[in-house]
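Colleague: Sequence and predicted structure are below.
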Number of protein chains: 2
Amino acid sequence: MARWEPDARLRLVQAAIDVYAEQGFESSTVAQVAERAGLTKATFFRHFPDKREPLFAGQDEHGALFTAGAAEAPANATPLEVVTAALDHATATFTAEQRAFGPRLRAVVAAHDELRERAAFKRAHLAEVLTTSLRERGIPDPTAAIAADLGVEAFHRAFARWSDGEGPSYGELAREELRALHAAATSLS
Amino acid sequence: MARWEPDARLRLVQAAIDVYAEQGFESSTVAQVAERAGLTKATFFRHFPDKREPLFAGQDEHGALFTAGAAEAPANATPLEVVTAALDHATATFTAEQRAFGPRLRAVVAAHDELRERAAFKRAHLAEVLTTSLRERGIPDPTAAIAADLGVEAFHRAFARWSDGEGPSYGELAREELRALHAAATSLS
DNA sequence: TCTGTCGATGAGACCGTGTCTCATCACCGT
DNA sequence: ACGGTGATGAGACACGGTCTCATCGACAGA
């Protein structure tokens, strides 16, 4: 039993998406978001470090999921197989709720540079984490970085397709995107 | 003859690097940077849109250089050859002054998440621009994106080596990095 | 030399972000 | 009933960033 209305954090996320979508990110204030969630500005900042972060809530876990998935790959796996394992593990955790929020979220983020900047940072962080996983398996430097880049690119392309309603599971789409990206990378010259 | 001390913008850039390096980015105020440049806060914001931007001044031109360089490649060039042309064109414009500022700049940026976020955004923008150049030459979607990613990655790796004092020209280093990245990309499975 | 224009700067008010401290409130175990 | 605990509210605060208005210094033209 909660002492106050439960799920304050989730309410803030939904309020942020709604308010930013309705008024635009820059024209919205944190106080407005908090009020829509039935809270105050101070409480907003207890749950999120800044005005943008509610739109990226949960995204920090993806790094840990990638790492865990990569660790499950057999010791003699190729870089691409390790990345596939990481994608499989991460995509398996996505829920129908996340799928439903996807398009609105991507629309809001795409409309404001400040939010695209945060998205680019999250993406770079994910690539860094995956690169580290690959390096720790003995995969040398430029190879690890490229393999990680392909993996993250596939992750995002697959999420876009999946949340836009394409049939296959997120995991299947990610594997498919990764294969396509790898094929493209081998035909550049 | 200037009516005031000339090169206000350049003085602000140097002041920003100095102050952020000495006190840390978050502990510094825009007023301090402006004062060190002999100016005021209001003038700072006439030259730069926000506190971070002076550290990335000039970086916006790289996109245009990439585009111009890509346009110089012959019509039947492979994706990798187009990227090489873009790198050649962009790297040729770098000066000894930029080389000298490189390490200090990278150290300051690497030390603060807010600045790394901006760097990630600039990088993503560069990749987007290069991807567009490749697409307009008829290179299909996933291939263009991958080729652009390799090019931007090579661009940054080469800059790090070049500004750290490695012998070859920036252009040579970039070509070398691009070759290495392409080789790595073809040996992932 | 005087005068008016023009662009860069300074001064300062203003709102919102993000931080901090303190008070309040509801539940929980004793 | 009582104190402990943790989430919240209230409000002050520094700084980022925007805006308006005044100032200044060079230049052109009379």
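Modeller: Looks like it came in fine. Numbering: from 1, shown residues only, chains lettered A, B, ... in the order given.
Colleague: tell me the contacts of A:Phe133?
Modeller: Quick fix: residue A:133 is Ser, not Phe. Applying Cβ atoms under 8 Å, 6 or more residues apart in numbering or on different chains to A:Ser133 gives the contacts A:Phe66, A:Thr67, A:Ala70, A:Ala71, A:Val82, A:Ala86, A:Ala148. To be clear about C-beta, it is placed using only N, CA and C from the backbone, and glycine gets the same treatment.
Colleague: and if we set it to 7 Å?
Modeller: Counting by Cβ atoms under 7 Å, 6 or more residues apart in numbering or on different chains, A:Ser133 makes contact with A:Phe66, A:Thr67, A:Ala70, A:Ala86.
Colleague: Counting neighbours, what do you get for A:Gly171?
Modeller: A count of nearby residues for A:Gly171, using other Cβ atoms under 10 Å in any protein chain shown, gives 18.
Colleague: can you give me the mean pLDDT across the helix or strand harbouring it?
Modeller: Using DSSP states H and E, A:Gly171 maps to helix A:170-185. What helix A:170-185 shows for mean pLDDT is 98.
Colleague: Return the entry from the contacts of A:Ser133 with the maximum number of neighbours.
Modeller: Counting neighbours by other Cβ under 10 Å, the top entry in the contacts of A:Ser133 is A:Ala86, with 30 neighbours.
Colleague: Settle this for me: A:Ala57 is touching A:Val13, isn't it.
Modeller: Yes. Look at A:Ala57 against A:Val13 with Cβ atoms under 7 Å: they come within range, at 5.3 Å.
Colleague: what sits against the spatially most central residue of chain A?
Modeller: Nearest to the geometric centre of chain A sits A:Gln59, at 4.4 Å (Cα atoms, centre = their mean). Neighbour list for A:Gln59: A:Lys122 [criterion: Cβ under 7 Å, 6+ apart].
Colleague: And for A:Val82, the neighbour number?
Modeller: If you count neighbours by other Cβ under 10 Å, A:Val82 ends up with 27.
Colleague: what packs against the helix holding A:Gly171?
Modeller: On a contact count with 3 or more Cβ pairs under 7 Å, 6 or more residues apart in numbering or on different chains; DSSP states H and E, helix A:170-185 meets helix A:79-91, helix A:141-163, helix B:141-163.
Colleague: and the first one, anywhere near chain B?
Modeller: It stands for helix A:79-91. Yes. Counting by Cβ under 7 Å from any Cβ of the partner chain, chain B is contacted by helix A:79-91 at A:Pro79, A:Leu80.
Colleague: So which elements touch that helix?
Modeller: On a contact count with 3+ Cβ pairs under 7 Å, 6+ apart, helix A:79-91 meets helix A:61-72, helix A:113-136, helix A:141-163, helix A:170-185.
Colleague: Which residues does it contact?
Modeller: Residues contacting helix A:79-91 (Cβ under 7 Å, 6+ apart): A:62, A:65-66, A:68-70, A:72-73, A:130, A:133-134, A:137, A:139, A:143, A:147, A:150-151, A:154-155, A:170-171, A:174-175, A:178, A:182, B:188-189.
Colleague: one more time with 6 Å
Modeller: Here helix A:79-91 makes contact (Cβ atoms under 6 Å, 6 or more residues apart in numbering or on different chains) with A:62, A:65-66, A:68-70, A:72-73, A:139, A:143, A:147, A:151, A:170-171, A:174, B:188-189.
Colleague: which of the residues you listed count as buried?
Modeller: Buried by 16 or more other Cβ atoms under 10 Å in any protein chain shown: A:62, A:65-66, A:69-70, A:73, A:139, A:143, A:147, A:151, A:170-171, A:174, B:188, out of the contacts of helix A:79-91.
Colleague: Of the helices and strands packed on helix A:79-91, which stretch is the most buried?
Modeller: Of all the helices and strands packed on helix A:79-91, helix A:141-163 carries the top mean neighbour count, a mean of 22, counting by mean count of other Cβ atoms under 10 Å in any protein chain shown.
Colleague: avg pLDDT for that one?
Modeller: 97.
Colleague: Helix A:113-136 and that helix, what's the angle between them?
Modeller: Taking axes from the mean of the first three to the mean of the last three Cα atoms, to 10 degrees, one finds helix A:141-163 and helix A:113-136 inclined to each other by 130 degrees.
Colleague: what's helix A:141-163 packed up against?
Modeller: Judged by 3 or more Cβ pairs under 6 Å, 6 or more residues apart in numbering or on different chains; DSSP states H and E, helix A:141-163 is in contact with helix A:79-91, helix A:96-110, helix A:113-136, helix A:170-185, helix B:170-185.
Colleague: Any chance of TSV for these, columns distance to B:Tyr20?
Modeller: Output for the helices and strands packed on helix A:141-163, formatted as TSV (distance: least, Cβ to Cβ, whole Å):
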stretch	distance to B:Tyr20
helix A:79-91	35
helix A:96-110	28
helix A:113-136	18
helix A:170-185	37
helix B:170-185	25
